[in-house]
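Chemist: turn this into a model:
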Amino acid sequence: MPSIVTYDGVRWVDFRKELKPRYGVVWRDIGLCYAFLALGVLAVAATPRGPAWTTAALVAAAACWTGYWLHSLFLFGHEAAHTNLAPRRRTNDRLGDWFVWLLYGSTTVNYRFTHMAHHAHLGDHEDTETTYHLCLSVLNMLKAVTGVHVLEVLLRKREQSEKRGESRARSTRTSSGVLASLRSFAVHAGLVAGLFLGGAELAALTWIIAVATVFPLLATVRTIVEHRHLDAPCDTDFSVELHGPVNRLFGTGPLARTFGAAGFNQHLLHHWDPAISYTRFAEMEEFFARTPLAAEMEASRIGYGTAVRALILEARRG
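Modeler: You can find the predicted model right below:
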């Protein structure tokens, strides 16, 4: 990246200094996530019960809505890992812990540790985030909605840490991770209990389904679509074979924006320079359009729906 210069002589290393995060936009978006989360739960709580089939349809729709916004909020934990919630790292980390990771059983520091290795080793055997090794098969989606995939991820990360010999540092992170998990469990249990005690049993059920099934499914699909080769066979074991780095640019259309909270629809740009906030991706894309990287950027552009369809078709062939 230090060698990238526009055709009119502007260096990336100079231009990027102007791309400070727009913190107001970030916190507006976090606030919207919480507002829409509350809307999904309250809509179920406020709707009178009808026939069983309409009640089931309402809960299913509200769970999908709520799970989507849980997933969107989760992506701001990623922004916290890149210190894009506040100018000072200590403040950034605390805000991330209490306003994002509170619901997800981790901390900004713990997530940052594994996530930075993902940036350094995308596509190779040292990558710490390898959900894209899975294809979009029915079996893998069932693993996602039943929690099996989450368990596999946790076990794999533990194995990776042991291979690196991260004893003392790992012990400290494990302790903070356990505390974060307990804190998160208490928050979810308290919310569900409060809804039950308040007579909003269906709202409590909506939250449970959203957290336990919809959120992990969306997180799994998103990662696969971002980084998996479209023609990668399902029977290839990428813990043995080398997958190689893949990044995509999904554009700014309605579908891409819907599934691209916190700028994930322009994920290629994030991997080119991870320190840049999603609030400045428009300027970033305009800059690279005036450099030799423009061709590579356009070659990576694909519709979100097109990518999903291609991955599903490859899974069927596999």
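
Chemist: just the element for the residue lying closest to residue 201 once chain neighbours are set aside, please.
Modeler: Excluding its sequence neighbours, the residue lying closest to residue 201 (CB to CB, 6 or more residues apart in numbering) is residue 195, at 7.2 Å. Where C-beta positions appear, they are placed from N, C-alpha and C, glycine not excepted. Taking DSSP states H and E as the criterion, residue 195 maps to helix 168-197.

Chemist: which other helices and strands contact that helix?
Modeler: Helix 168-197 sits against helix 108-121, helix 201-209, with contacts defined as 3 or more CB pairs under 8 Å, 6 or more residues apart in numbering; DSSP states H and E.

Chemist: average pLDDT for that helix?
Modeler: Averaged over helix 168-197, pLDDT sits at 83.

Chemist: for residue 274, see how far away the closest residue to residue 223 other than its chain neighbours is.
Modeler: In space, and not counting its chain neighbours, residue 223 is closest to residue 131: 4.0 Å by CB to CB, 6+ apart. If you measure residue 131 against residue 274 using CB to CB, to the nearest Å, the figure is 18 Å.

Chemist: pLDDT weak spots in this structure?
Modeler: Residues of the chain meeting the criterion pLDDT under 70: 154-174, 252-262, 318.

Chemist: picking that back up, correct me if wrong: the residue nearest to residue 223 contacts residue 225.
Modeler: No - counting by CB atoms under 8 Å, residue 131 does not reach residue 225; the two are 10.3 Å apart.

Chemist: related to what we said a few turns ago, wait, the residue nearest to residue 201 touches residue 41, no?
Modeler: Yes - with contacts counted by CB under 8 Å, residue 195 reaches residue 41, the gap being 7.4 Å.

Chemist: common neighbours of these two, please.
Modeler: Both residue 195 and residue 41 are in contact with 203, 207, where contact means CB atoms under 8 Å, 6 or more residues apart in numbering.

Chemist: sorry, back to before: residue 131 and residue 225: who's more crowded?
Modeler: Neighbour tally, residue 131 and residue 225, criterion other CB atoms under 10 Å: the higher count belongs to residue 225, 23 against 19.

Chemist: OK, contacts around that one?
Modeler: By CB under 8 Å, 6+ apart, residue 225 lies in contact with 248, 304, 307-308, 311.

Chemist: which entries within those meet the buried criterion?
Modeler: Among the contacts of residue 225, those buried by neighbour count (16 or more other CB atoms under 10 Å) are 248, 304, 307-308, 311.

Chemist: looking at those, which is nearest residue 284?
Modeler: Set against residue 284, the nearest of the buried ones among the contacts of residue 225 by CB to CB is residue 248 (15.5 Å).

Chemist: tell me who's in contact with the closest one.
Modeler: 225-227, 267-268, 300-302, 307.

Chemist: can you lay out those residues as TSV showing secondary structure?
Modeler: TSV is the format used below for the contacts of residue 248 (DSSP: H, G, I helix; E, B strand; the rest coil):
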residue	secondary structure
225	helix
226	helix
227	helix
267	helix
268	helix
300	coil
301	strand
302	coil
307	helix
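
Chemist: and these, which two are furthest apart?
Modeler: 227 and 301 (15.4 Å).

Chemist: neighbour count: the two, which is higher?
Modeler: Each of residue 227 and residue 301 has its neighbours counted (other CB under 10 Å); residue 227 has more, 24 against 12.
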